[in-house]
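In: sharing a model that was predicted from the sequence below.
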Amino acid sequence: MIGIIMFFASLVMLSFGFPVAFTFAAVSLFFGILAGFIEVGFDNGIMEGLVDGLDEGLGMFDFMPYRIMSIMQNTILMSVPMFIFMGIILQKTGLAEKLLESMAFLFGEIRGGVAISTVLVGTLLAASTGVVGASVVAMGVISLPVMMKYKYNLPLATGTICASGTLGQIIPPSIVLIILGDVFQVPVGDLFAAAVWPGLTLVAAYIIFILIVSYFKKDMAPAIPKDESRGSKSKQVIAALIAIIPSLTLIVMVLGSIFAGIATPTESSAVGCIGAILLAILYRSFSIDMVKEAAFESVKITSMVFGILIGATAFSMVFTYTGGDEIVEHFMMNLPGDEKFAFILFTMLAIFILGFFIDFVEISYIIVPILVPIAMNLDISPVWFAILIAMNLQTSFLTPPFGFSLFYLKGVVPASVRTIDIYKGVVPFILIQIFVLMIIVFFPEFFGINPKA
Amino acid sequence: MLLKLERGFDKFADIIGYFTAFVMVLMILNVTYDVVMRYFFNTGSIAMQEMEWHLFSVVILLGISYTLKEDGHVRVDIIYDRLTDKNKAKINMAGVVLFILPVALLIGIESIPYVIESFNSNEQSGDPGGLPYRWIVKSLIPLSFFLLIITSIGFFIKNLNVYKGLRPMDGYNLKGEIENLKSELEQHKHHVVDIDGKGENK
């Protein structure tokens, strides 16, 4: 029971806002000591009980150095900083601007066209830079003014930007999938491959939604009048192709070598870094400062993830030691209805709700490890379950009021865009995500995923 | 006096930051080198491959301290975001004393015997041609947590200064980041104007 209390105590402590990594580690430490006291008891006198109890409690952390050592030797995690590095270099070459610039008007002459272009650019950025914040900001600064100028409905415009910018979470190479691969102990390449169709389905669903809305409500997303000064259609298409081909080649090579099983994600990510630098040189935007900034940024994000991993390790030690995992398992196995689907629906709902408050890294390292053994018992394929979780976590970037993407967009929109417009705008996209998630729950085979372990 | 002290600690953390960022670049080169050797020359050195995770360990372990100074560790900012600077500073100071210090001390102290054991047994890589002296990389564990103790004292002093009103609170990581991204885009202002369909104004 202590484990369960500890979990809720951690959530309460987290709400004060001190960094998550240290909060989890410290709360686990205190509860570990508390569990030690309870275990030993005070039958042999207060002093004896305190000394032995402390000993017992701290004893739970004896394996900490060994656990940290195994994290250090974890070559899967090594790809995290390198994919981040690659993404930041590509972002600094101005990839987002180039794509938005050349593609904004590609579909402009049909209704909802600029929004559709935005979704497509978001997809390409997701596969190349994968930096959610930067994508949202770039679209907010570049696409939003265009959509506003042509009188797009504000919620539709802002919702499209947030949703498109968040695609980096599910479309490989995504950091979430690498972390989940580590937690589930499945090859990251398998997860990347399995995420492709769900990711593209989501993109297709967004586009269909935009088409339907702009078809039925003519003033939501008006077509942009033809403008000869932008050049002929074929010229525009060529310009767009020139803008995407170099980076697309890079990303096809990086992902392709992983999918084909030629290289590990770690190897591909390193080569991708070098490739990104070469592209920057090609675009004449390379500078040493760029490398420096990208290195600092990837150090920061990686240490942040690693800090949480240490906190989570401490947490899971105490949680398991005090039998928390058995309680959760007992609870999950006794849900009403079909065991498997009850488990999946319950965990999806729980992760969805937690996603309002805590980050994907915490969910992946604290919550998911508790669920993995139960999923195995229920003969649920780890790849399937991991994709479901990744889809679900993506939603947490969009859910008001704490969704990450919303913060970024709020930071750059002109004052005439109200926060409520953004909140209203993301609702349909969240519903689409839940809808696609449900399809993957009920028809995994449709996406080429085998639901059995 | 306190502000000067704060700057001293900041400088210390920055040095760690520079070092880890440099090692990060080395790691990329290291992995790339191994890839090239393996796929194009069909050879590879076990020592170089082990070097990869040695460098990775430097990045993740020492980076924790630098990230603390940069306020880059994720927070749940539902309430925190709405607090006054003074209250934020209080939370941060309490967090250092109650959360960071106990944990860092425990792990730091507990991992020392772990390193000594490795040193005494002259532990080395289990693979032929692997790296010797495994205690060096293992000693990064206590080192990183002792560095964390030092930088968290700096973090405490910084927040004490905010509490005393000697300096304002730095903008939370996220907001600063959005500003940076925006200004970066604005440097290419002509793109933005162009796309707005006002190309003729250029």
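Out: Received it, and whenever you're ready, just let me know what you need.
In: could you find the closest non-adjacent residue to whatever residue of chain B ends up closest to chain A?
Out: Nearest residue of chain B to chain A (C-beta to the nearest C-beta) works out as B:Tyr80 at 2.5 Å. Just so you know, the C-beta spots here come from the backbone N, C-alpha and C atoms, and that holds for glycine as well. Distance criterion C-beta to C-beta, 6 or more residues apart in numbering or on different chains; nearest residue to B:Tyr80, sequence neighbours excluded, is A:Gly17 at 2.5 Å.
In: distance of the residue of chain B closest to chain A relative to B:Ala104?
Out: Distance of B:Tyr80 to B:Ala104, given as C-beta to C-beta, to the nearest Å: 22 Å.
In: quick one: which of the two has more around it?
Out: In this view B:Tyr80 and B:Ala104 are compared by other C-beta atoms under 10 Å in any protein chain shown, and B:Ala104 has more residues nearby, 26 against 18.
In: helices or strands up against the strand or helix carrying A:Phe8?
Out: A:Phe8 is located in helix A:2-14, with elements delineated by DSSP states H and E. If you count contacts as 3 or more C-beta pairs under 8 Å, 6 or more residues apart in numbering or on different chains; DSSP states H and E, helix A:2-14 packs onto helix A:20-40, helix A:288-321, helix A:324-333.
In: apply 10 Å and report the result again.
Out: The elements that helix A:2-14 packs onto, with contact taken as 3 or more C-beta pairs under 10 Å, 6 or more residues apart in numbering or on different chains; DSSP states H and E, are helix A:20-40, helix A:288-321, helix A:324-333, helix B:77-80.
In: please pull out the lowest mean pLDDT helix or strand from chain A.
Out: The helix or strand of chain A with the poorest confidence is helix A:95-103; it has a mean of 80 (mean pLDDT, DSSP states H and E).
In: now the helices for chain B?
Out: Using DSSP state H, the helices found in chain B span residues B:2-40, B:46-69, B:77-80, B:85-95, B:101-120, B:134-138, B:140-163, B:173-187, B:189-195.
In: relative to helix B:46-69, how tilted is the fifth one?
Out: The reference is to helix B:101-120. 160 degrees (axes from the mean of the first three to the mean of the last three C-alpha atoms, to 10 degrees).
In: what comes up buried for helix B:101-120?
Out: Using 16 or more other C-beta atoms under 10 Å in any protein chain shown as the test for burial, helix B:101-120 gives B:Leu101, B:Pro102, B:Val103, B:Ala104, B:Leu106, B:Ile107, B:Gly108, B:Glu110, B:Ser111, B:Tyr114, B:Val115, B:Ser118.
In: next up, phi/psi of A:Met380, please.
Out: To be clear, residue A:380 is Ile; Met isn't right here. Per-residue torsions, A:Ile380: phi -100, psi 130 (degrees, to the nearest 10).
In: so A:Ile212 sits against A:Ala115, correct?
Out: No: the criterion here is C-beta atoms under 10 Å, and A:Ile212 misses it with A:Ala115 at 11.9 Å.
In: of those two, who's got more company?
Out: Using other C-beta under 10 Å as the criterion, A:Ile212 and A:Ala115 rank with A:Ala115 on top: 29 against 11.
In: indicate the residue of chain A located nearest to chain B.
Out: For chain A, C-beta to the nearest C-beta, closest residue to chain B: A:Gly17, 2.5 Å.
In: one step back: in contact with the residue nearest to B:Tyr80, which residues?
Out: A:23, B:75-83, B:87-88, B:91-92, B:95, B:172 (C-beta atoms under 10 Å, 6 or more residues apart in numbering or on different chains).
In: just the buried subset of those, please.
Out: Buried subset of the contacts of A:Gly17 (neighbour count, 16+ other C-beta under 10 Å): A:Thr23, B:Arg75, B:Val76, B:Asp77, B:Ile78, B:Tyr80, B:Leu83, B:Lys88, B:Ile91, B:Asn92, B:Gly95.
In: lowest average pLDDT across the helices and strands packed on helix A:2-14?
Out: Lowest mean pLDDT of the helices and strands packed on helix A:2-14: helix B:77-80, a mean of 80.
In: what does it contact?
Out: A:14-18, A:356-358, A:401-402, A:407, B:83, B:87-88, B:91-92, B:172-174.
In: could you dump it to CSV, C-alpha only?
Out: Taking Å, rounded to 0.1, in the frame of the first residue of the first chain, the C-alpha atoms of helix B:77-80 are listed here in CSV:
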residue,chain,number,x,y,z
ASP,B,77,4.2,24.4,-13.7
ILE,B,78,0.5,24.5,-13.2
ILE,B,79,0.8,26.4,-9.9
TYR,B,80,4.4,27.4,-10.1
